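In: sequence unknown, structure follows:
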């Protein structure tokens, strides 16, 4: 096209989450996240069989490339330049999942100190509020929210996070050096010139997993030194080498994924609704 490109192919998301005119695709890659590249494409039109885009990078796309991006909206978890209050974020998520509203706006019911001592950090308040009110569960029969002392191993917070970190160590260090309970932020353990350590993950950082999908994707908090727990952004590691960043916390990430405000190459197609939360 003279003023853009026509991309043939079916969107990999539920129609509720399809890109809208004005949304941007900022990433292109091959299947399973191979050969990632940055692009700057703006959606003009999108249907079930093609997309018309303008911008930069369309001439470099290959026939089997996958393009993706993030919908940036004002109500994505930030209000007035401030992080959304945990109780407000949880109330919004509860409404989307058609769950009872929180009984109280202050405090949490569980004694979280033993769990937090085991992890070595205090956990975000929105997560603790949600789990206190709703317990562990499955979002839309696809995404598992883990909780301490869950009846099932696959829904237990500590067991899930331990296994998820083992998987990340394998990526960071390689199969010959991944054993042991070493800190993920210990750059001396990373394989030299490893492309599997994402560029946003710096020495001294950490990852704690609070959930996973039935497809084997893990959801983590990105723990950064000097950053308060309520400001930890959520990231996703798919079962291969690729990652996604969501830039907001637990409740705002789930709410954004369920409303389509946040687009995920790996989750959005499974979270189109009607929404549910149950174990």
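Out: Perfect, thanks for sending it. Everything numeric in this text was worked out from a predicted model, so none of it was measured. Numbering: from 1, shown residues only.

In: use CA for all of it now, contacts and neighbours both
Out: Fine.

In: Name the residues of stretch 189-204 that are buried.
Out: 189, 190, 191, 196, 197 (16 or more other Cα atoms under 10 Å).

In: Tell me which of those has the lowest pLDDT.
Out: Taking the buried residues of stretch 189-204 together, the minimum pLDDT is found at residue 196 (90).

In: which ones are touching that one?
Out: 171, 172, 241, 242 (Cα atoms under 8 Å, 6 or more residues apart in numbering).

In: and if we set it to 10 Å?
Out: Residues near residue 196 by Cα atoms under 10 Å, 6 or more residues apart in numbering: 168, 170, 171, 172, 173, 174, 190, 240, 241, 242, 243.

In: just to revisit the earlier point, pick out the most distant pair among the buried residues of stretch 189-204.
Out: Using Cα to Cα, the pair of the buried residues of stretch 189-204 lying farthest apart is 189 and 196, separated by 12.9 Å.

In: which of the buried residues of stretch 189-204 lies closest to residue 62?
Out: residue 196 (23.1 Å).

In: In which helix or strand does that closest one reside?
Out: Remark: residue 196 resides in no helix or strand, with elements defined by DSSP states H and E.

In: can you confirm residue 230 is in a helix?
Out: Yes: checked against DSSP: H, G, I helix; E, B strand; the rest coil, residue 230 lies within a helix.

In: Tally up the residues packed near it, please.
Out: The number of residues packed around residue 230, counting by other Cα atoms under 10 Å, is 19.

In: What segments of the stretch 51-200 of the chain are helices?
Out: Taking DSSP state H, counting those that start in this stretch as the criterion, the stretch 51-200 of the chain carries its helices at 86-96, 113-119, 125-134, 157-173.

In: Okay, angle between the first one and helix 125-134 too, please.
Out: Yep, that's helix 86-96 we're talking about. Here helix 86-96 runs at an angle of 50 degrees relative to helix 125-134 (axes from the mean of the first three to the mean of the last three Cα atoms, to 10 degrees).

In: Pull out the buried residues from helix 86-96.
Out: 86, 87, 88, 89, 90, 91, 92, 93, 94, 96.

In: Check the offset of it from the chain's centre.
Out: 17 Å (Cα atoms, centre = their mean, to the nearest Å).

In: helices and strands around it, which ones?
Out: Counting contacts by 3 or more Cα pairs under 10 Å, 6 or more residues apart in numbering; DSSP states H and E, helix 86-96 is packed against helix 125-134, helix 250-259.

In: Just the mean pLDDT for stretch 142-150, thanks.
Out: In this model, stretch 142-150 carries a mean pLDDT of 96.

In: where does it sit relative to the chain's centre, distance-wise?
Out: A distance of 15 Å separates the centroid of the chain from that of stretch 142-150, by Cα atoms, centre = their mean.

In: List the buried residues in it.
Out: 142, 143, 144, 145, 146, 147, 148, 150.

In: That stretch: end-to-end distance?
Out: One end of stretch 142-150 to the other measures 17 Å (Cα to Cα, to the nearest Å).

In: just stretch 232-250 next, same as before
Out: Note: stretch 232-250 ends 8 Å apart using Cα to Cα.
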